[in-house]
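# how would this look folded up:
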Amino acid sequence: MSKELSYTIEEVSKLLKVSKLTIYDLVKKGELPVIRVGRQMRIDANDFDQYISSHKTNQSPSFQVPVAKLPSTVGKDPQSIVISGQDLVLDILGKHIEKVSTFKTLRSYNGSLNSLISMYNGKCDIVSLHMFDGDTGEYNLPYVKKILVSYPYILINLLSRKAGFYVKKGNPLNITAWTDLSQKHVRIINREKGSGARILLDEQLRINRIPSRNIKGYENEEQSHLSVALAVYNGGADVGVGIEKPAKMVEIDFVPLITERYDLVILKTSRNEQLISVLKQVLSSESFLSEVNSLGDYDTTQTGNIIYDTN
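Predicted structure coming up:
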């Protein structure tokens, strides 16, 4: 998150879906640092991010796996697998994999392109992707074919979801199309390089022949959909690109522009034969689908469908 951003106690309580008393208790115990501005307490965005990161379950350590000619799992327990991506559904996926198998799931919270490169370098086992290709209008497969060249793999759908603009309540600047981003009075907040949302924005700018230098705020980056939504909510930007759910979490408006396919890719190796079988089992299970659908804003009609298999 950007260093300038901070939250009130009330904003943090809404984000964590707990009472303000709970947040005050964390502050009192010293678990959540605050900045005192007169009578008001504010929580720096970086401190909030660190608190969230330190309390994530099944979080993967900092992997220092050397680059290898072939993807490997050096330094990991043979039954440990790394799932890379940022969506909450991946945590649910990991939990269900552990329920029906002996695999222990670890999590890496990287964007789509960076995750795919990590897979190529042997650092993760299941990678989630939502990368739009402007030339074909297709999601994910064009990138996978270029990066995992010569490796056998399978691409399976996890879900579909809406992507679009985060805007302030009432959309006062009437931002409804990609071309609106080039207006001089519109400030955007961007995502980090390698994320699916950043790729979507960059591809749409290319298709619409809009130079990034004409986009006010293009160089300002955040590390997650929620961070982008919060930047819009707090007035740090007029618009950002992301998925639908965070807009509802922070009570801003969402302008849907595209339905993106959110897929999983796994390398087809002898070690992964059991993992692929377990993954297919989980994705078709009523318990997993029910839990995902209960979250809202996700489409599971294609969940478990094989998008591409190198055979």
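
# who touches stretch 209-227?
Here stretch 209-227 makes contact (C-beta atoms under 8 Å, 6 or more residues apart in numbering) with 1-2, 5, 15, 45, 49, 86, 178-179, 181-182, 184, 186-193, 197, 202, 205, 228, 231, 236-237, 240, 242-243, 245-246, 249-250. Just so you know, the C-beta spots here come from the backbone N, C-alpha and C atoms, and that holds for glycine as well.

# now the strands: where do they sit in the stretch 101-250 of the chain?
104-108, 126-129, 132-133, 138-139, 153-167, 188-191, 221-222, 239-243 (DSSP state E, counting those that start in this stretch).

# would TSV of those strands with mean pLDDT and distance to Lys280 be doable?
Output for the strands of the stretch 101-250 of the chain, formatted as TSV (pLDDT from 0 to 100; distance: least, C-beta to C-beta, whole Å):
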stretch	mean pLDDT	distance to Lys280
strand 104-108	90	16
strand 126-129	97	12
strand 132-133	97	26
strand 138-139	97	20
strand 153-167	98	7
strand 188-191	97	31
strand 221-222	92	34
strand 239-243	97	25
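
# need those strands in CSV with mean neighbour count and distance to Gln281, can you?
Output for the strands of the stretch 101-250 of the chain, formatted as CSV (neighbours: other C-beta atoms under 10 Å; distance: least, C-beta to C-beta, whole Å):
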stretch, mean neighbour count, distance to Gln281
strand 104-108, 19, 15
strand 126-129, 28, 14
strand 132-133, 20, 29
strand 138-139, 20, 24
strand 153-167, 22, 12
strand 188-191, 24, 33
strand 221-222, 21, 36
strand 239-243, 26, 26
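
# of those strands, which approaches Asn311 most closely?
Asn311 sits nearest to strand 153-167 of all the strands of the stretch 101-250 of the chain, at 9.1 Å, using C-beta to C-beta.

# the closest one vs strand 239-243, what angle?
140 degrees (axes from the mean of the first three to the mean of the last three C-alpha atoms, to 10 degrees).

# and strand 153-167, what does it pack against?
With contacts defined as 3 or more C-beta pairs under 8 Å, 6 or more residues apart in numbering; DSSP states H and E, strand 153-167 has these neighbours: helix 88-100, helix 141-147, helix 225-233, strand 239-243, helix 244-249, strand 253-267, helix 273-283, strand 306-309.

# between these, which one is nearest to Glu291?
Among those, the nearest to Glu291 by C-beta to C-beta is helix 88-100 (5.6 Å).

# residues contacting that closest one, please?
Counting by C-beta under 8 Å, 6+ apart, 57-58, 81, 83, 103-105, 107, 126, 128, 158-159, 262, 278-279, 281-282, 285, 287-288, 291-292, 295, 298 sit against helix 88-100.

# again with stretch 293-306
88-89, 154-162, 243-245, 248, 259, 261, 280, 283-284, 289, 292.

# can you read off the backbone torsions of the closest residue in space to Thr8 that isn't next to it in sequence?
Spatial nearest neighbour of Thr8, chain neighbours left out: Arg42 (6.1 Å); criterion: C-beta to C-beta, 6 or more residues apart in numbering. Main-chain torsions, Arg42, degrees, to the nearest 10: phi -130, psi 150.

# how close does Arg42 get to Met119?
According to C-beta to C-beta, to the nearest Å, Arg42 and Met119 sit 39 Å apart.

# neighbour count winner among these two?
Between Arg42 and Met119, counted using other C-beta atoms under 10 Å, the more crowded position is Met119 (24 against 16).

# how about Lys123, phi and psi?
Main-chain torsions, Lys123, degrees, to the nearest 10: phi -100, psi 0.

# is it true that it touches Ile81?
No - with contact defined as C-beta atoms under 8 Å, Lys123 does not count as touching Ile81 (11.6 Å).
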